[in-house]
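Chemist: How does the following fold in three dimensions:
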Amino acid sequence: MAVDSRLPNFRALTPAQRWEHVATACNLSAEERNLLTHAGALPVTLADGMIENVVGTFELPMGVAGNFRINGRDVLIPLAVEEPSIIAAASYMAKLAREDGGFETSSTLPLMRAQVQIVGISDPYGARLALFKARDEILAQANSRDKVLISLGGGCKDIEIHVFPDSPRGPMVVMHLIVDVRDAMGANTVNTMAESVSPLVEKITGGSVRLRILSNLADLRLARARVRLTPQTLATKERSGEAIIEGVLDAYTFAAIDPYRAATHNKGIMNC
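Modeler: Reported below is the predicted structural model:
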């Protein structure tokens with residue numbers, strides 16, 4: 001069933017009325033409705049298996065941002081936040097964006113990196129060449145660790161070799177495993193693969209492997225969102241759309257040239 005993300009007068013409803021509206025619009029099951037309305041949905045017994053030294057759980061308000069149209073489809077956006085105005089601001093901007101077609105999104109393949117640090121190498125460039133020659137063997141070893149991921153079309157797809165000939169600790173080579181992790185965040189998967197190939201890497205290079213760990217710089221796993229707003233859409237009773245655009249550009253430039261403004265500018269972006 002298609003969802004209409006417009007929520008006129010939603011703020012004026014009681015929480016129970018809002019819940020009923022969202023549950024009906026999203027065709028939630030009885031179990032999903034129960035989770036949505038009952039506090040303490042995370043039992044302490046379950047929380048105790050997730051982290052260490054559990055003494056309780058912590059809850060945040062969850063609201064719904066409306067008016068979003070993404071890739072031509074209406075969606076409701078659940079947000080669990082403690083700060084007022086975030087959901088209202090997001091809904092308002094989505095309402096403006098809706099007038100010009102809404103948001104367009106795209107994403108790349110879900111590729112993550114595992115780094116394997118190699119030290120104690122006298123010829124780092126020779127080690128780099130040796131690793132590239134053994135690429136297929138390295139990929140096979142990495143992919144032997146997660147058959148389920150392979151069956152879903154994921155797995156280690158390639159390697160990159162980065163050479164640091166003059167580090168304060170001497171020459172260093174860092175091999176990256178490029179892993180398609182599918183819908184997973186991927187940390188456990190890539191860490192396991194990095195650990196698995198380490199003995200082979202030491203054999204190939206003659207060096208010693210130190211760190212074998214995920215990189216959180218996900219520069220190959222990108223998600224993009226784009227929106228186009230006309231001056232007519234941005235115009236208010238007090239200011240023209242052109243004037244608002246100039247103000248936005250000035251605010252952006254302030255953040256681009258001043259790190260003190262940039263910190264707050266970026267924090268505002270990360271709110272949503």
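Chemist: all helices of the protein, in order?
Modeler: All helices of the chain, identified by DSSP state H, fall at 15-25, 30-37, 44-47, 86-99, 124-133, 135-143, 147-151, 187-205, 231-234, 241-257, 259-270.
Chemist: Tell me who's in contact with the residue lying farthest from the centre of the chain.
Modeler: Most distant residue from the mean C-alpha position of the chain: residue 122, 38.6 Å away (CA atoms, centre = their mean). Residues counted as contacts of residue 122 (CB atoms under 8 Å, 6 or more residues apart in numbering) are residue 171. Where you see a C-beta, it was placed from the backbone N, CA and C, and this is true even at glycine.
Chemist: From residue 82, how far off is it?
Modeler: 55 Å (CB to CB, to the nearest Å).
Chemist: Distance check, the nearest residue to residue 42 once chain neighbours are set aside against residue 43.
Modeler: Once flanking residues are discounted, residue 42 sits nearest to residue 57: 5.1 Å by CB to CB, 6 or more residues apart in numbering. Remark: distance between residue 57 and residue 43 (CB to CB) = 8 Å.
Chemist: Please apply the same query to residue 158.
Modeler: 42 Å.
Chemist: Also residue 36?
Modeler: 16 Å.
Chemist: Those two: which has the busier surroundings?
Modeler: More crowded of residue 36 and residue 43, by other CB atoms under 10 Å: residue 36, with 15 against 9.
Chemist: need the contact list for the more buried one.
Modeler: 19, 22, 23, 28.
Chemist: Let me see the contact set for residue 233.
Modeler: Applying CB under 8 Å, 6+ apart, one finds that residue 233 lies in contact with 96, 99, 100, 241.
Chemist: Determine which stretch of the helices of the chain is the most buried.
Modeler: Among the helices of the chain, helix 187-205 has the highest mean neighbour count (mean count of other CB atoms under 10 Å), at a mean of 19.
Chemist: now that one, how far from the centre of its chain.
Modeler: Offset of helix 187-205 from its chain centre (CA atoms, centre = their mean, to the nearest Å): 25 Å.
Chemist: Same check on stretch 194-213?
Modeler: On CA atoms, centre = their mean, the centre of stretch 194-213 falls 29 Å from the chain's centre.
Chemist: List every C-alpha atom in that stretch, with coordinates, as CSV.
Modeler: Extracted in CSV, the C-alpha atoms of stretch 194-213 (Å, rounded to 0.1, in the frame of the first residue of the first chain):
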residue,chain,number,x,y,z
ALA,A,194,42.0,-9.4,7.6
GLU,A,195,43.0,-11.7,10.4
SER,A,196,42.6,-14.7,8.1
VAL,A,197,45.0,-13.4,5.5
SER,A,198,47.7,-12.2,7.9
PRO,A,199,49.8,-15.4,8.1
LEU,A,200,49.8,-15.5,4.3
VAL,A,201,50.8,-11.9,4.0
GLU,A,202,53.7,-12.4,6.4
LYS,A,203,54.8,-15.4,4.3
ILE,A,204,54.6,-13.4,1.0
THR,A,205,56.4,-10.2,2.3
GLY,A,206,58.7,-11.5,5.0
GLY,A,207,57.5,-8.8,7.3
SER,A,208,55.4,-8.7,10.4
VAL,A,209,51.7,-7.9,10.5
ARG,A,210,50.6,-5.6,13.2
LEU,A,211,47.1,-4.1,12.9
ARG,A,212,44.4,-6.0,11.0
ILE,A,213,41.3,-3.9,11.2
